Every structure is written in C-alpha cells, then in structure tokens.
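**Q** based on what follows, work out the 3D shape:
(chains A and B)
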Amino acid sequence: QQQVKQSPQSLIVQKGGISIINCAYENTAFDYFPWYQQFPGKGPALLIAIRPDVSEKKEGRFTISFNKSAKQFSLHIMDSQPGDSATYFCAVLRSNDYKLSFGAGTTVTVRA
Amino acid sequence: GAGVSQTPSNKVTEKGKYVELRCDPISGHTALYWYRQSLGQGPEFLIYFQGTGAADDSGLPNDRFFAVRPEGSVSTLKIQRTERGDSAMYLCASSLLAGGNNEQFFGPGTRLTVL
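**A** Below you'll find the predicted structure:
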C-alpha cells in the first residue's frame, strides 16, 4: 500500500527553468516530509525536508511548499541546471518512527 | 569510512542460489536499515536494526530473506533460494539514532540480478 503518491513520473526542463514535483499523502500522522535526490548508480541522498508547522522551506535553489489541509507537498527546483538531472523521491515519516515511505520517483532531465 | 558502503556493487546469480549482501554503516551509527528498490520505484523498507538486534523485520517479503548484524556494525542481508522476482537494488542506510529526527544516510546499493 503506497503511503505517498508522486507526480509526474518524469519531466524535461530547459536550463534555467523551474522543475515542480508534487506529492500527496492520506495519513495525517505523518509529520516529516523529506525529498531525496538519486543519481544513477548512487543511493538516495537527503536534499531538503519540512515539518508541518511551516508552509515553505527554502535551501538555495530548492524549495518545499507544504499544504497541510490538502495533504500535499511539492518540490520546486529554481534555475534548473544540467547537474540537477536526477531522480527525485518524496517520502513521508512519523517522527516517532523510522520507516521511510517513498513515492515512486520523478526523473528530471535538464536540457542545456 | 566517510559514508555507508555496500558490497558487492553488482551481483548476478542463478535462480535457486544463495546470496549475501554486505553493508558497512557510518562509524558510530547505531541504527541500520535495509531497503529494496525495484526498477522505476522508490525504496521499500525491509528491516531495521538497533544495535545488534533486528528491531523490526516486518518488511522482509518471506522467510527466504534474513539479515544479521552480529557486532552492531556491519550487516549482512541473506537471501536463500533466490527467485527472479528478487532482482532489485538493495540499499542499506544508517543513522546515528533511530527516529524521524535522525537523517538516514544511504549507501550506493547492491544491484542483484537473478537469472
């Protein structure tokens, strides 16, 4: 049973453009929402994470927007660069738990 | 080491064979996790160790899968009588402590192919 639904499956963006990936969940017990970046042949690496007490978190060119009432959160990659080409996974977790539940992933391709 | 390491990076085996996958966590991390990632999917939880004991093995798909962490550091995931459906990327992660405030650091994975 998938705990979080992620879309789109893939996207292509021009260099300098904005990439947007969306995730939706049902269980309101989740209170930690991380995004992971995975390059081919590598394991996922934590990119940025948010807790439900804030609606937005920004780190450099990466921003998470969180809508608690809609049970949705999204990753925005501003000024996308070819080096951002990777697969991105959203995940959900309860803070007293340890089992990350991942979305299916979004493959982002940034064209130069 | 600087990060989580896993060996081998690739393993090709025949249906019915036994395989062992090794994980070296970050030094000092007490919590260790195994996940399985099928092609085009996100990682799925298999098992969690706190120290030497398997605190939660609820994600193991069946009794052909077993994992150990005898000294509270290195862990080995063991798969008996492998099946073609076991083909996947097996990821190991570790964290300083367990729980949502502790980042899980992932290794590069072992790509298992069962022919």
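**Q** go ahead and confirm B:C23 touches B:C92.
**A** Yes: applying C-beta atoms under 8 Å as the test, B:C23 and B:C92 come out as touching, 3.4 Å apart. In short, each C-beta sits where N, CA and C put it, glycine included.
**Q** anything in contact with each of these two?
**A** For the pair B:C23 and B:C92, residues contacting each of them under the criterion C-beta atoms under 8 Å, 6 or more residues apart in numbering or on different chains are B:4, B:6, B:32, B:34, B:75, B:77, B:107.
**Q** among these, which one sits closest to A:V108?
**A** Nearest to A:V108 among the shared contacts of B:C23 and B:C92 is B:G107, at 22.6 Å by C-beta to C-beta.
**Q** residue contacts, the closest one?
**A** Applying C-beta under 8 Å, 6+ apart, one finds that B:G107 lies in contact with A:43, B:3-6, B:23-24, B:91-93.
**Q** pLDDT value on the closest residue to A:E56 other than its chain neighbours, please?
**A** Spatial nearest neighbour of A:E56, chain neighbours left out: A:S65 (5.4 Å); criterion: C-beta to C-beta, 6 or more residues apart in numbering or on different chains. Per-residue confidence (pLDDT) for A:S65: 96.
**Q** wait, what's in contact with A:S65?
**A** For A:S65, the set of contacting residues under the criterion of C-beta under 8 Å, 6+ apart consists of A:55-56, A:73-74, A:76.
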